[in-house]
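**Student:** Quick one: sequence plus predicted model below, questions after.
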There are 4 protein chains.
Amino acid sequence: MLNFESDYTRGAHPKVLERLIETNMEQTSGYGSDEYCNRAKERIRNACASPNADVWFFTGGTQTNQTVISSLLRSYEGVIAAESGHIATHEAGAIEYTGHKVLSLPHTHGKLSACVLKPYLMRFFSDENHDHAVFPGMVYISHPTEYGTLYTLSELAELSAVCREYHLPLYMDGARLGYGLMSDGTDVTLSDIAKLCDVFYIGGTKVGALCGEAVVFPKGNSPKQFMTMIKQHGALLAKGRLLGIQFDALFENGLYFTVSRQAIERANELREALKKKGYSFFLETPANQIFIVLENTKLKQLESHARFSFWEQADETHTVVRIATDWATTQEEVNALLALL
Amino acid sequence: MLNFESDYTRGAHPKVLERLIETNMEQTSGYGSDEYCNRAKERIRNACASPNADVWFFTGGTQTNQTVISSLLRSYEGVIAAESGHIATHEAGAIEYTGHKVLSLPHTHGKLSACVLKPYLMRFFSDENHDHAVFPGMVYISHPTEYGTLYTLSELAELSAVCREYHLPLYMDGARLGYGLMSDGTDVTLSDIAKLCDVFYIGGTKVGALCGEAVVFPKGNSPKQFMTMIKQHGALLAKGRLLGIQFDALFENGLYFTVSRQAIERANELREALKKKGYSFFLETPANQIFIVLENTKLKQLESHARFSFWEQADETHTVVRIATDWATTQEEVNALLALL
Amino acid sequence: MLNFESDYTRGAHPKVLERLIETNMEQTSGYGSDEYCNRAKERIRNACASPNADVWFFTGGTQTNQTVISSLLRSYEGVIAAESGHIATHEAGAIEYTGHKVLSLPHTHGKLSACVLKPYLMRFFSDENHDHAVFPGMVYISHPTEYGTLYTLSELAELSAVCREYHLPLYMDGARLGYGLMSDGTDVTLSDIAKLCDVFYIGGTKVGALCGEAVVFPKGNSPKQFMTMIKQHGALLAKGRLLGIQFDALFENGLYFTVSRQAIERANELREALKKKGYSFFLETPANQIFIVLENTKLKQLESHARFSFWEQADETHTVVRIATDWATTQEEVNALLALL
Amino acid sequence: MLNFESDYTRGAHPKVLERLIETNMEQTSGYGSDEYCNRAKERIRNACASPNADVWFFTGGTQTNQTVISSLLRSYEGVIAAESGHIATHEAGAIEYTGHKVLSLPHTHGKLSACVLKPYLMRFFSDENHDHAVFPGMVYISHPTEYGTLYTLSELAELSAVCREYHLPLYMDGARLGYGLMSDGTDVTLSDIAKLCDVFYIGGTKVGALCGEAVVFPKGNSPKQFMTMIKQHGALLAKGRLLGIQFDALFENGLYFTVSRQAIERANELREALKKKGYSFFLETPANQIFIVLENTKLKQLESHARFSFWEQADETHTVVRIATDWATTQEEVNALLALL
């Protein structure tokens, strides 16, 4: 059975696993204070061209979003997100659970635009009655977005400028950041992100790690006593090295970027072949997720041969499915899928 | 440098790691719905003699405590714990963060006694004014306790009886459960725990896993929609298999118990030799943690040769330190430590 | 200066004040256990034709909404409301502060329709992936709505039927309930509300009281230990009698309805005269709030003579303002306003 | 039936009620922005000799404590209180409900001492492992305490000095502050409190108001956007004037102090007479609460003639009861009670 359901179906990249094996019997101190965490942090600082960055490791995306957002917001503030944002839709109310509203704004293919954000903020702060409202306290975006789309550098710069004008931290959810950075045509680099965002995370779980996300505060701007807040959220791993070792491996010799690029190349091959075959795309997406419209009868046929992710009903006879490649997808798998489609 | 600082200084037991390697490139479904999770759950049900048990996997102890406790309590209820309980002291207020008070009761060497619990509950419910108080909603114990002590079967049965009389779920934090079960002289088995507790967790992080704790609701008595609450706490791993595979390995052929017993044997050797050498013990502890009183001058000497955990100042010239063995401690390490002491 | 800005600009109805004066030096027990609270509750049960109803008093609307909603929801649930609902817009995130999401649905002139609610619920529960979403746990409506509109009996019955089908409590915010019940053309009575809703509140602050809202659980269906949850929300008044005495007065001989009707009659007079004068209405509203569109120049002129509530900018040269009558508005005031307009 | 059960058994002081009557039909703006609130605030600033103070009105003590404390604490901080503190015992977990732990320290007759506080803070901040603990974020005291005792000026100054050394705001719960300030032998004035505390509240509910507590930030040091946080806690009264008018009356010509002094004089009369009659006192208390030990048989006899508050069982045949006087207690009532005792 071919499986293109998601980018978290396999274990870790072999080099990551290797490093876990090599270091397995070494004894280290706990809670992320070990040398592997330190080395991984240093590598990430370098990759971000942010020598003063604070780096923290988490095990998953919702945990990261919840901890970062609730730690940055004052108690009367909410977080702005696109209506399609992961925190607004698929995290079981994890943000609200910490006492904060997600302030949803309309999106364009998953993206939040400065043209939507700025008027919203102008209206909010010019309204004399905003004392009874939830204050916007930060802005959340994802890159790639939940729709697989990417911000351009100028879109990101515009969002960042609006955020700075209103003194709102800009936070990027980079669950699939590697795939975004390695996409054809993107003009956004990791150091751009480090310059334009106040905090972001580099996703590991979907890009070659067993688990793990690396939160970066590029200017060393972690909230006070952030470690205690991580603990308070149940997000502090006793064997923090599990995360440090993985990111150390992923950021040695650019492995993170190499494996991300492989996923993109597999996705590109699929996209081009599907275009040639005349498939209709739900959205143009440059990264590792492809959204195509399938006839329900076709989908039914495929069911026992290949797995996709159901996205939405297109109409009565068609369905949008998501095909995801990852760091481990092979050309053979791509070809086998194309043979089926 | 010898390191007896804690039982979470190394990676995973080789068999656990092996299983991660073997399964690494297999594709599975996410969020704990894979076959390895299912198999691990089945093995745990068998080990607990609880065929109807619900089993859930978490990555760490504080996360587990926070999610289980906040999911079981009604909003006006608090959790009873010994004053020395981990949730009362070392979890950065993770329980309070979810809106619930930890109702601390006096302890005896880390244990909560039915003789303390029952009068407390009687007084609470007989007080006509308890409408303005936090209601006791469940009872938290740890086994082994934070002081390395163990409940006897009759102590546990008494606590359980009081809890049932007052309709309060009894929850056992088993971060080091394996070491407790394999200690000399204990009369408490896993199936006893499954009978006497309403929920408990089997610690993996400190007993051979990279990370992982297995929560057991022995009578299939999970709270409604528990999975959503796990997600809401940021505690749901996308690659849930990471936990399932580890527990599958740990509960195959009793590995969990075998490795726990090894740690106990190393601890026993240490304990006996230290007794012979005339060391004074802070507490009699049967499991993998040994608390001895060292002269500060001696401690100073040892600093560059061996690591312990600072426990507390005994007096001006003495310090209590904790020595912990784990599943990987070797006889060589024990001998080397004894040579130093 | 004429003041039609809101329905909470004055103190209490003279009869309410009288009763406070008469009883002032009597000594009663605290926290709502006094005879005045008991008598008021009994009168409210009668008015609702709900002999088994539980009745609880609060001091304000947001406090009431927050306490009722957070007490009824399970921790993984959110509350459904119209996007224009007070809890979704003007309560500073009081619901989210208690850990719950407000699930906003589109509204029609402030009303939530069964035609919107039912498909939403069908979709939610048929979606296989709803484990990662916030569960709808209850439905909030306001009557009159924030736009001054009213549900018809059949609309309310339809909503109630959908709620019962999905086992969701239906909660009505009745901050201005008296005005709704006494509006021309409404076919909704207090006993209809008691039959169709699972919980609702009868607003006092805007209908003749100094402060006070009476929450009614018509079938005696208060959540367990509700009093403790009221205390936990800081919502329990030591001198609970302050609320009981006021509602006792308001529900003696139908005073609540008489004074509500007076406000409606004043509003009707205004509405008819404004229609004759050719004013354009933003919305047809039957209750005590009138929304008219004024030229900005006209509004400017009026500023030093009369006060309204700014509602929204209609276009560049026009503004929507809200005119509110209340239990104390006199015909003289109405005439004076009409003379200005 | 004589009633000495508490100091909140009656309505408002006649002058307070008078003022409510006089102003009843005036129209004012809402949410505390009216002229009566402003005037009351100005009077309170004068009484506190704190011209820059921020003053805010609430309806009750638990609400005040919850809103003030949760607004001042960072999310990883808890509030230090005596074990006997109201927030630690009688507020249904209202502080924990907002996510914060109450860090209880031992008390002396209800008082927290600098000798207890300072070593606790020293230990906390010198402990290298405090990253996993709840951080002390502020200090709560009550004056008079729950035991009716009072801090001396030097005790208060010492506490304040410790708090300032550790940058912890000192907060005083003054539910019965008037009685404390007017007690014989106290050397603490309102302006002392304003100098030594960072925030405190002047209780109205128990000192002549229908409801109401005035929070004072003596240096204009309200937390940012405090009004929104008040709203978010459901604590913002639409007719804020209800509180402003009452405090305006209470702080005109020192009424608050005059009526407090009357309660103290009645308490003094009782105390002296009870001493002469040989009654044994549970505690020496200078303010309006008297704690005496009664034989159970005597208590039984009195039951149908007078009401007290049950405090605790002294021994098998004796009970501690609390007798409270208030602003309205008359000499006749005192004499009648003495005749019974």
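**Tutor:** All right, it came through fine.

**Student:** ok, residue A:131 - how many residues close by?
**Tutor:** Residue A:131: 18 surrounding residues under other C-beta atoms under 10 Å in any protein chain shown. C-beta here means a position set from N, CA and C on the backbone, and glycine is covered the same way.

**Student:** quick one: secondary structure of it?
**Tutor:** helix (DSSP: H, G, I helix; E, B strand; the rest coil).

**Student:** Who are the contact partners of it?
**Tutor:** C:92, D:31, D:225, D:227, D:228, D:231 (C-beta atoms under 8 Å, 6 or more residues apart in numbering or on different chains).

**Student:** Could you tell me the end-to-end distance of stretch A:129-146?
**Tutor:** 34 Å (C-alpha to C-alpha, to the nearest Å).

**Student:** Stretch A:98-117 now?
**Tutor:** End-to-end span of stretch A:98-117 (C-alpha to C-alpha): 24 Å.

**Student:** Work out the gap between that stretch and the centre of the chain.
**Tutor:** Its chain's C-alpha centre and that of stretch A:98-117 lie 16 Å apart, by C-alpha atoms, centre = their mean, to the nearest Å.

**Student:** need the contact list for whichever residue of the stretch 101-250 of chain A sits closest to chain B.
**Tutor:** Nearest residue of the stretch 101-250 of chain A to chain B, counting by C-beta to the nearest C-beta: residue A:234, 3.2 Å away. If you count contacts by C-beta under 8 Å, 6+ apart, residue A:234 has them with B:60, B:62, B:63, B:64, B:65, B:66, B:67, B:91, B:94, B:233, B:234, B:235.

**Student:** neighbours of the closest residue to residue A:49 other than its chain neighbours, just the number please.
**Tutor:** Nearest non-adjacent residue to residue A:49, counting by C-beta to C-beta, 6 or more residues apart in numbering or on different chains: residue A:191, 3.9 Å away. Residue A:191 has 13 neighbours, counted by other C-beta under 10 Å.

**Student:** Kindly provide the distance from whatever residue of the stretch 51-200 of chain A ends up closest to chain B to residue B:58.
**Tutor:** Going by C-beta to the nearest C-beta, chain B is nearest to residue A:63 of the stretch 51-200 of chain A, at 3.3 Å. Separation of residue A:63 from residue B:58 (C-beta to C-beta, to the nearest Å) stands at 11 Å.

**Student:** and what of residue A:273?
**Tutor:** Residue A:273 is 42 Å from residue B:58, by C-beta to C-beta.

**Student:** higher neighbour count, those two?
**Tutor:** Under the neighbour definition other C-beta under 10 Å, residue A:273 and residue B:58 were set side by side, and residue B:58 has more, 27 against 15.

**Student:** Next, the contact list for the more buried one, please.
**Tutor:** With C-beta under 8 Å, 6+ apart, residue B:58 has these contacts: B:64, B:67, B:201, B:212, B:213, B:214, B:215, B:230, B:235, B:243.

**Student:** same thing with residue A:48?
**Tutor:** Applying C-beta under 8 Å, 6+ apart to residue A:48 gives the contacts A:190, A:191, A:193, A:194, A:216, A:218.

**Student:** what number of residues lie near residue A:284?
**Tutor:** Neighbour count for residue A:284, taken as other C-beta under 10 Å: 11.

**Student:** So which bits of the stretch 201-341 of chain A are right by chain B?
**Tutor:** A:205-206, A:210-211, A:228-229, A:231-239, A:241-242, A:328 (C-beta under 8 Å from any C-beta of the partner chain).

**Student:** rerun at 6 Å
**Tutor:** A:205, A:210, A:211, A:228, A:231, A:232, A:234, A:237, A:238, A:239, A:242 (C-beta under 6 Å from any C-beta of the partner chain).

**Student:** nearest residue to the fifth one other than its sequence neighbours?
**Tutor:** What that stands for is residue A:231. residue B:92 (4.0 Å).

**Student:** For the one you found, the count of nearby residues, please.
**Tutor:** Residue B:92 has 28 nearby residues by other C-beta under 10 Å.

**Student:** In helices, which of the contacts of residue A:48 appear?
**Tutor:** The helices, defined by DSSP state H, take in A:190, A:191, A:193, A:194 from these.

**Student:** in stretch A:241-256, what counts as buried?
**Tutor:** A:241-251, A:255-256 (16 or more other C-beta atoms under 10 Å in any protein chain shown).

**Student:** Same check on stretch A:268-277?
**Tutor:** If you call a residue buried by 16+ other C-beta under 10 Å, then stretch A:268-277 has these buried ones: A:268, A:269, A:270, A:271, A:274.

**Student:** Pull the distance from it to the chain's centre.
**Tutor:** Put simply, stretch A:268-277 sits 25 Å off its chain's centre (C-alpha atoms, centre = their mean).

**Student:** isn't residue A:109 right up against residue A:147?
**Tutor:** Yes - taking C-beta atoms under 6 Å as the contact criterion, residue A:109 and residue A:147 are neighbours in contact, 5.0 Å apart.

**Student:** quick check, distance from the helix or strand encompassing residue A:201 to the centre of its chain.
**Tutor:** Element membership for residue A:201 (DSSP states H and E) is strand A:199-203. The chain centroid and the centroid of strand A:199-203 are separated by 7 Å, computed with C-alpha atoms, centre = their mean.

**Student:** strands paired with it, and their directions?
**Tutor:** Here strand A:199-203 is paired, per DSSP bridges, with strand A:170-173 (parallel), strand A:213-217 (antiparallel).

**Student:** Need the ones you listed in JSON lines (columns: mean neighbour count and mean pLDDT).
**Tutor:** Output for the strands paired with strand A:199-203, formatted as JSON lines (neighbours: other C-beta atoms under 10 Å in any protein chain shown; pLDDT from 0 to 100):
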{"stretch": "strand A:170-173", "mean neighbour count": "25", "mean pLDDT": "98"}
{"stretch": "strand A:213-217", "mean neighbour count": "27", "mean pLDDT": "98"}
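
**Student:** And those: which comes nearest residue B:115?
**Tutor:** strand A:213-217 (46.8 Å; C-beta to C-beta).

**Student:** Tell me where the stretch 51-200 of chain A has helices.
**Tutor:** With DSSP state H, counting those that start in this stretch applied, the stretch 51-200 of chain A shows helices at A:61-72, A:86-89, A:94-97, A:114-126, A:153-165, A:177-181, A:190-196, listed in chain order.

**Student:** Name the helix or strand of chain A that has the lowest mean pLDDT.
**Tutor:** Least confident helix or strand of chain A, by mean pLDDT, DSSP states H and E, is strand A:309-315 with a mean of 92.

**Student:** Any residue of that one touching chain C?
**Tutor:** No - if you take C-beta under 6 Å from any C-beta as the test, strand A:309-315 misses chain C, and the best it gets is 8.1 Å.

**Student:** pLDDT averaged over the longest helix along chain A, what's the number?
**Tutor:** In chain A, with assignment by DSSP H, the single longest helix is helix A:255-276. Taken as a whole, helix A:255-276 has an average pLDDT of 98.

**Student:** Can you tell me what sits against it?
**Tutor:** Helix A:255-276 has contacts (C-beta atoms under 6 Å, 6 or more residues apart in numbering or on different chains) with A:13, A:15, A:178-179, A:182-183, A:207-208, A:250, A:288, A:290, A:325-327, A:329, A:334, A:338.

**Student:** Narrow those to just the buried residues.
**Tutor:** Using 16+ other C-beta under 10 Å as the burial test, these include A:13, A:15, A:178-179, A:182-183, A:207-208, A:250, A:288, A:290, A:325-327, A:329, A:334 as buried.

**Student:** of all those residues, which two lie farthest apart?
**Tutor:** A:15 and A:290 (26.6 Å).
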